[in-house]
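In: sequence-free structure coming up:
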């Protein structure tokens, strides 16, 4: 590790400051007990995640559930101005390979009012997701929109085209069930490169329906490696009300390699993906409290 990285991780009292409500999705490659026991990796993770009011953490690979408990403990130790909690999906995947999606959120700022785990066949299609999406409904008096739904999904690379289309059905089901149009899809959708042939985009309803706004563009790079440049990780917002609550041009990957002064090798110890993030406008109440 470089001297700069070590210094950043030991001076954990220095935190990122935000004056907006930030939502992010972060595929922390194979996050389990080994990474949770690595103090330098965990130090970086808490700095990254403490920037966000809600983080959709992906690729949690720990059957005992201890890794995410360590992450929450370290977040709460690091950021005394908030209290972090979590909402976990079931363990997802076919065969022996299993992973979880976990919403990590500041429970003093936002609350969970409902949630749903999508299972095989829930999208009304004979071919199901490899790993079903996980959805939660949130309420916060600190955001301009106040009530909204987040759907986090880690798409199977080989089934990315099909699963993106299935997500369209998932969104419609939740909008009908929860009587809201304010839906955001986020996560590692593998929505780029060889996984989505150019001629496939026109047939993906989640892309062609004008009510859905893709906030992370096709030319963005959400990968850590210098040898790749792909927008695998996305944030997609449904409806004009939700779009209007988004801070313009705030949706982007967070390049923690640059922010933490890391080498590529050091960054890849954390993940091979960058988080994608977006800011929501604050409510009048939150603006008065700044």
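Out: Looks like it arrived, so ask away. Owing to the predicted nature of the structure, the values given are computational and were not obtained by experimental measurement.

In: what bits of the stretch 51-200 of the chain have low per-residue confidence?
Out: Within the stretch 51-200 of the chain, the ranges that satisfy pLDDT under 70 run 120-127.

In: dihedrals phi and psi, the nearest residue to residue 273 once chain neighbours are set aside?
Out: Leaving aside its sequence neighbours, residue 273 sits nearest to residue 27 (C-beta to C-beta, 6 or more residues apart in numbering; 4.2 Å). Using the backbone N, CA and C atoms, a C-beta is placed for each residue, glycine as well. Dihedral pair for residue 27: phi -80, psi 100, per degrees, to the nearest 10.

In: residue 130 too?
Out: Dihedral angles for residue 130 - degrees, to the nearest 10 - are phi -70, psi -40.

In: ok, it to residue 169 distance?
Out: According to C-beta to C-beta, to the nearest Å, residue 130 and residue 169 sit 16 Å apart.

In: buried set for stretch 156-170?
Out: Within stretch 156-170, the residues that count as buried by 16 or more other C-beta atoms under 10 Å are 156, 159-170.

In: gap between it and the chain center?
Out: In terms of C-alpha atoms, centre = their mean, to the nearest Å, the centre of stretch 156-170 is found 17 Å from the chain centre.

In: the stretch 1-150 of the chain: strands as residue ranges?
Out: Along the stretch 1-150 of the chain, the stretches classed as strands by DSSP state E, counting those that start in this stretch are 21-31, 54-60, 84-88, 100-106, 111-117, 134-139, 147-152.

In: right, so these: which one is the most enclosed?
Out: The highest mean neighbour count among those, using mean count of other C-beta atoms under 10 Å, belongs to strand 54-60: a mean of 26.

In: for that one, name the packing helices and strands.
Out: If you count contacts as 3 or more C-beta pairs under 8 Å, 6 or more residues apart in numbering; DSSP states H and E, strand 54-60 packs onto strand 21-31, helix 66-78, strand 100-106, strand 147-152, strand 183-188.

In: nearest to residue 271, of the ones you listed?
Out: The minimum distance between residue 271 and the helices and strands packed on strand 54-60 falls on strand 21-31, with 4.7 Å, by C-beta to C-beta.

In: helices or strands up against whichever helix in the chain runs longest?
Out: Longest helix in the chain, counting residues (DSSP state H): helix 160-178. Judged by 3+ C-beta pairs under 8 Å, 6+ apart, helix 160-178 is in contact with strand 111-117, strand 134-139, strand 147-152, strand 183-188, helix 205-208.

In: ok now it, how far from the chain's centre?
Out: Distance of helix 160-178 from the chain centroid (C-alpha atoms, centre = their mean) equals 17 Å.

In: who touches it?
Out: Residues outside helix 160-178 that contact it (C-beta atoms under 8 Å, 6 or more residues apart in numbering) are 114, 116, 118, 122-125, 127-130, 133, 135, 137, 149, 151, 153, 155-156, 180-181, 183, 185, 189-191, 195-197, 200, 203-207, 209, 212, 238.

In: before we move on, what about stretch 85-92?
Out: Contacts for stretch 85-92 (C-beta under 8 Å, 6+ apart): 60, 63, 65, 68, 72, 98-105, 107, 112, 115, 117, 131-132, 134, 136, 152, 154.

In: between the helices and strands packed on strand 54-60, which one is closest to residue 281.
Out: Across the helices and strands packed on strand 54-60, closest to residue 281 is strand 21-31 (C-beta to C-beta), at 7.8 Å.

In: what count of nearby residues applies to residue 128?
Out: The criterion is other C-beta atoms under 10 Å. On that basis, residue 128 has 18 neighbouring residues.

In: look up how far residue 38 lies from it.
Out: Separation of residue 128 from residue 38 (C-beta to C-beta): 35 Å.

In: same check on residue 146?
Out: For residue 146, the distance to residue 38 equals 38 Å [C-beta to C-beta].
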